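Asker: how would this look folded up:
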Amino acid sequence: MVDLDDVDAVVVGAGPNGLVAANVLADAGWRVLVCEAAPAPGGGVSSSELAAPGYVADHCSAFHPLAAASPALLSLRLEDHGLRWRHAPAVLAHVFPDGRHAVMSRRTEDTARSLGGFSPADEEAWHTEVAYWHRVRDDVLAALLTPFPPVRAGLRLARTLGAGDLLRLARMLTLPARTLADERFAGDGAKALVSGCALHTDLGPDDAAGGVFGWLLTMLGQDVGFPVPEGGAGRLTDALVSRLTSRGGRIDCARPVRSVVVAGGQALGVRDAAGELVRARRAVLADVPAPTLYRDLVGEAHLPARLVADLARFRWDHATVKVDWALSGPIPWSAGEVGGAGTVHLGADVNGMADFANDLACGRLPRDPFVLLGQMTTADPTRSPAGTEAVWAYTHAPRGLSWTSGLLAGVADRIEGLVEAQAPGFRSLVVGRAVTGPADFEAHNPSLVEGAINAGTSAIHQQLVFRPLPGLGRADTVVDRLFLAGAAAHPGGGVHGAAGANAARAALARNGVPGYRVAMAAAHRLLHG
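Answerer: The predicted structure is shown next:
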């Protein structure tokens with residue numbers, strides 16, 4: 001049990017990044033207190049019975065390829081604390097409006113065969129791409145998930161690839177998803193998989209650097225699948241909590257933090273909503289959006305004018321609308337293969353995805369939405385009674401719309417219609433439905449501002465040293481001993497825990513590496529004045 005008079009670190013927010021950060025610090029022997037505003041930990045990584053009793057629904061995050069591959073999470077050995085991964089028979093299906101479909105299976109041969117049905121050349125091309133992925137996998141993941149610049153991973157990649165191919169890899173990481181897919185594949189199936197996976201962020205097929213997200217998710221899908229925690233996404237949170245408390249960490253839920261206490265340019269602790277002060281002898285780590293940390297918890301009076309100006313240019317990702325269904329039976333897909341996929345892309349070819357992205361960019365509610373759908377009981381039979389199916393689907397919408405109950409229901413009906421078109425009889429199986437709009441996401445978790453599930457755009461102008469603001473690409477902030485530990489920090493959204501782990505390691509370095517504080521202060525003065 002943590003003695004509140006002797007806390008080394010306070011972590012604000014018990015989302016996955018906050019819990020990973022707390023675990024890393026606890027492993028180093030620090031006394032850690034996590035303050036969470038909600039009644040339970042987890043943030044978006046949580047579950048409940050939304051659509052009907054007995055049907056477990058994930059509130060936000062559902063499939064977790066990044067979690068299954070992330071060094072930050074793997075190092076915690078959460079399986080020792082009850083986490084069990086489950087897989088659907090197939091990883092991902094992309095269903096075109098005309099009924100054609102591409103299916104990614106856990107066997108490379110089966111995926112290649114499906115893509116070869118669109119173009120025979122893509123069967124070999126897929127094998128080539130997967131072989132290349134396995135050649136660079138560990139170093140690419142390290143480069144993407146560790147603080148910027150990734151010196152060690154970059155040097156290893158240089159040794160593996162040589163200077164020429166390292167440049168080609170760097171070029172590939174800048175490409176739009178459409179361009180990357182056109183260069184690697186010939187058929188519509190593979191191109192749709194890559195572009196569709198890029199749209200798991202807020203980047204359309206023609207947005208710069210969107211290709212890396214599509215490539216990464218397709219390769220991870222072929223490598224580790226799109227697994228789900230047995231019993232619901234909340235079980236991942238349960239494992240993180242169990243591990244932390246077993247190491248002496250403490251989590252206070254229903255304890256919102258009102259402010260970070262700053263004096264002399266240092267974070268000294270936090271003050272909760274009741275006015276109680278909790279001193280942090282070594283660090284404060286915040287698993288909250290960047291605007292929340294800087295404007296609400298710290299206050300602009302403690303910030304350089306340049307940073308405040310940069311903060312005004314922070315850009316969120318799109319709003320989100322989600323539907324959960326309780327079904328009396330599996331979805332009756334016209335293409336039977338789709339029924340085995342845990343995740344389904346629905347509603348568009350690559351040009352249709354581009355139209356969808358353009359509508360969002362123009363502030364229009366898309367007429368033809370691109371939809372991500374999850375067949376949760378197919379992936380994990382514990383999610384609903386035998387013979388039934390728990391299903392969710394979501395799409396994005398422009399920010400700033402005036403949502404009425406009628407508009408929200410209309411979007412949900414449109415999503416439902418897309419499923420019905422590819423699975424006649426779907427509507428007759430619905431025994432319960434729950435619709436979550438942008439305001440509902442934010443009410444459940446204030447970090448999901450208008451349903452922004454990635455804590456800020458994934459566009460290149462807000463990545464690396466530009467995330468969340470022009471700076472160092474690190475968790476360190478302009479306030480000494482204060483670290484940004486949430487998805488607004490590099491490397492961004494997704495359940496990988498890297499932002500939390502990076503923040504924890506920065507806090508450890510600040511308190512253990514000679515000259516670290518002076519170097520960070522000098523860098524921040526240079527960047528922000």
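Asker: what's the end-to-end length of stretch 78-92?
Answerer: Terminal residues of stretch 78-92 are spaced 25 Å apart (CA to CA, to the nearest Å).
Asker: one more: stretch 340-355?
Answerer: Stretch 340-355: ends 29 Å apart by CA to CA.
Asker: tell me the helix or strand right after the helix or strand where residue 504 lies.
Answerer: Using DSSP states H and E, residue 504 falls within helix 498-510. As assigned by DSSP H and E, the chain's next helix or strand after helix 498-510 is helix 516-528.
Asker: mean confidence score for that next one?
Answerer: For helix 516-528, the mean per-residue pLDDT is 95.
Asker: pull out the buried positions in it.
Answerer: By 16 or more other CB atoms under 10 Å, the buried positions in helix 516-528 come out as 517, 520, 524, 527, 528. All C-beta spots, glycine's among them, are computed from the backbone N, C-alpha and C.
Asker: swap in stretch 120-129?
Answerer: Those would be 122, 123, 125, 126, 129, for stretch 120-129 by 16+ other CB under 10 Å.
Asker: and if you look at stretch 54-66?
Answerer: By 16+ other CB under 10 Å, the buried positions in stretch 54-66 come out as 55, 56, 57, 58, 59, 60, 61, 62, 63, 64, 65, 66.
Asker: quick revisit: hmm, who's touching the helix holding residue 504?
Answerer: Contacts to helix 498-510, defined as CB atoms under 8 Å, 6 or more residues apart in numbering, come from residues 9, 16-22, 24-25, 28, 70, 72, 145-147, 282-283, 285, 287, 474-476, 480-481, 483-492, 516-517, 520.
Asker: domains in this protein, by residue range?
Answerer: Here the domain parsing of the chain from automatic domain parsing is 7-37+255-314+456-528, 86-228+316-444.
Asker: looking at the ones you listed, which is buried most?
Answerer: Burial among the domains of the chain, expressed as mean neighbours by mean count of other CB atoms under 10 Å, is greatest for domain 7-37+255-314+456-528, which shows a mean of 21.
Asker: surely residue 436 is in contact with residue 392?
Answerer: No: Residue 436 lies out of contact with residue 392 (CB atoms under 8 Å); the separation is 9.1 Å.
Asker: wait, what's in contact with the nearest residue to residue 177 once chain neighbours are set aside?
Answerer: Nearest residue to residue 177, sequence neighbours excluded (CB to CB, 6 or more residues apart in numbering): residue 198, at 3.8 Å. Residues in contact with residue 198 (CB under 8 Å, 6+ apart) are 177, 204, 205, 207, 210, 211, 213, 214, 217.
Asker: quick check, the fifth one in contact with residue 176.
Answerer: Read that as residue 210. Yes: using CB under 8 Å, residue 210 is in contact with residue 176, at 5.3 Å.
Asker: now do stretch 103-118, average pLDDT.
Answerer: Computed over stretch 103-118, the average pLDDT equals 98.
Asker: stretch 400-416 too?
Answerer: The pLDDT scores in stretch 400-416 average 97.
Asker: run through who's touching that stretch.
Answerer: Applying CB under 8 Å, 6+ apart, the contact partners of stretch 400-416 are 319, 321, 323, 363, 365, 369, 371, 393, 395, 397, 426-427, 433, 435, 437-439, 450.
Asker: change it to 10 Å
Answerer: Here stretch 400-416 makes contact (CB atoms under 10 Å, 6 or more residues apart in numbering) with 316, 319, 321-323, 325, 346-347, 363-369, 371, 373, 393-395, 397, 420, 426-427, 430, 433-440, 450.
Asker: check the secondary structure at residue 494 for me.
Answerer: Following DSSP: H, G, I helix; E, B strand; the rest coil, residue 494 is assigned to coil.
Asker: what's the closest non-adjacent residue to it?
Answerer: residue 66 is the one closest to residue 494 (CB to CB, 6+ apart), at 4.5 Å.
Asker: right, and that neighbour touches residue 223 too?
Answerer: No: assessed by CB atoms under 10 Å, residue 66 is found out of contact with residue 223, at 11.3 Å.
Asker: tell me how far residue 377 lies from residue 520.
Answerer: Residue 377 sits 49 Å away from residue 520, going by CB to CB, to the nearest Å.
Asker: could you pull out the helices for the stretch 251-400 of the chain?
Answerer: All helices of the stretch 251-400 of the chain, identified by DSSP state H, counting those that start in this stretch, fall at 290-291, 305-311, 350-361, 376-379.
Asker: any chance of those in CSV, plus distance to residue 458 and mean pLDDT?
Answerer: Formatted as CSV, the helices of the stretch 251-400 of the chain follow (distance: least, CB to CB, whole Å; pLDDT from 0 to 100):
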stretch, distance to residue 458, mean pLDDT
helix 290-291, 14, 98
helix 305-311, 18, 97
helix 350-361, 12, 98
helix 376-379, 25, 98
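Asker: which among those helices is found nearest to residue 333?
Answerer: Of all these, helix 376-379 sits nearest to residue 333, with 11.0 Å by CB to CB.
Asker: where in the chain is pLDDT low?
Answerer: Scanning the chain with the threshold set as pLDDT under 70 gives 1-5.
Asker: please redo it, this time with the cut-off set to 90
Answerer: Where the chain drops to pLDDT under 90, the residues are 1-6, 147-149, 529.
Asker: count the neighbours of residue 238 for me.
Answerer: By other CB atoms under 10 Å, the residues close to residue 238 number 22.
Asker: and it, which of the three is it?
Answerer: Quick answer, by three-state DSSP: residue 238 is helix.
Asker: quick one: contacts for it?
Answerer: 41, 42, 45, 46, 47, 78, 81, 82, 83, 229, 231, 232.
Asker: tell me where the stretch 301-450 of the chain has strands.
Answerer: 319-327, 341-346, 371-375, 389-397, 430-436 (DSSP state E, counting those that start in this stretch).
Asker: in its sheet, which strands sit next to the fourth one, and in what direction?
Answerer: The one in question is strand 389-397. If you go by DSSP bridges, strand 389-397 pairs up with strand 319-327 (antiparallel), strand 371-375 (antiparallel).
Asker: distance of residue 68 relative to residue 495?
Answerer: Distance, residue 68 to residue 495, using CB to CB: 10 Å.
Asker: ignore what I typed, I meant residue 246.
Answerer: The gap separating residue 246 from residue 495 is 21 Å, by CB to CB.
Asker: now swap in residue 431 and tell me
Answerer: Separation of residue 431 from residue 495 (CB to CB): 29 Å.
Asker: likewise residue 370?
Answerer: 21 Å.
Asker: likewise residue 266?
Answerer: From residue 266 to residue 495 the distance is 31 Å (CB to CB).
Asker: next one: the helix or strand where residue 25 lies to chain centre, how far?
Answerer: Here residue 25 sits within helix 16-27, counting by DSSP H and E. Per CA atoms, centre = their mean, to the nearest Å, the displacement of helix 16-27 from the mean C-alpha position of its chain is 17 Å.
Asker: end-to-end on stretch 169-185?
Answerer: 17 Å.
Asker: who touches both of residue 436 and residue 392?
Answerer: Listed as contacting both residue 436 and residue 392 by CB under 10 Å, 6+ apart are 50, 57, 59, 60, 322, 323, 324.
Asker: who touches residue 481 in this structure?
Answerer: Going by CB under 10 Å, 6+ apart, residue 481 touches 9, 260, 262, 265-269, 280-285, 507, 510-511, 517.
Asker: make it 8 Å
Answerer: Neighbouring residues of residue 481 by CB under 8 Å, 6+ apart: 266, 267, 268, 280, 282, 283, 284, 507, 510.
Asker: for the fourth one, give its distance to residue 265.
Answerer: As defined by CB to CB, residue 280 lies at a distance of 15 Å from residue 265.
Asker: kindly report the same for the fifth one.
Answerer: With distances taken as CB to CB, residue 282 is found 16 Å from residue 265.
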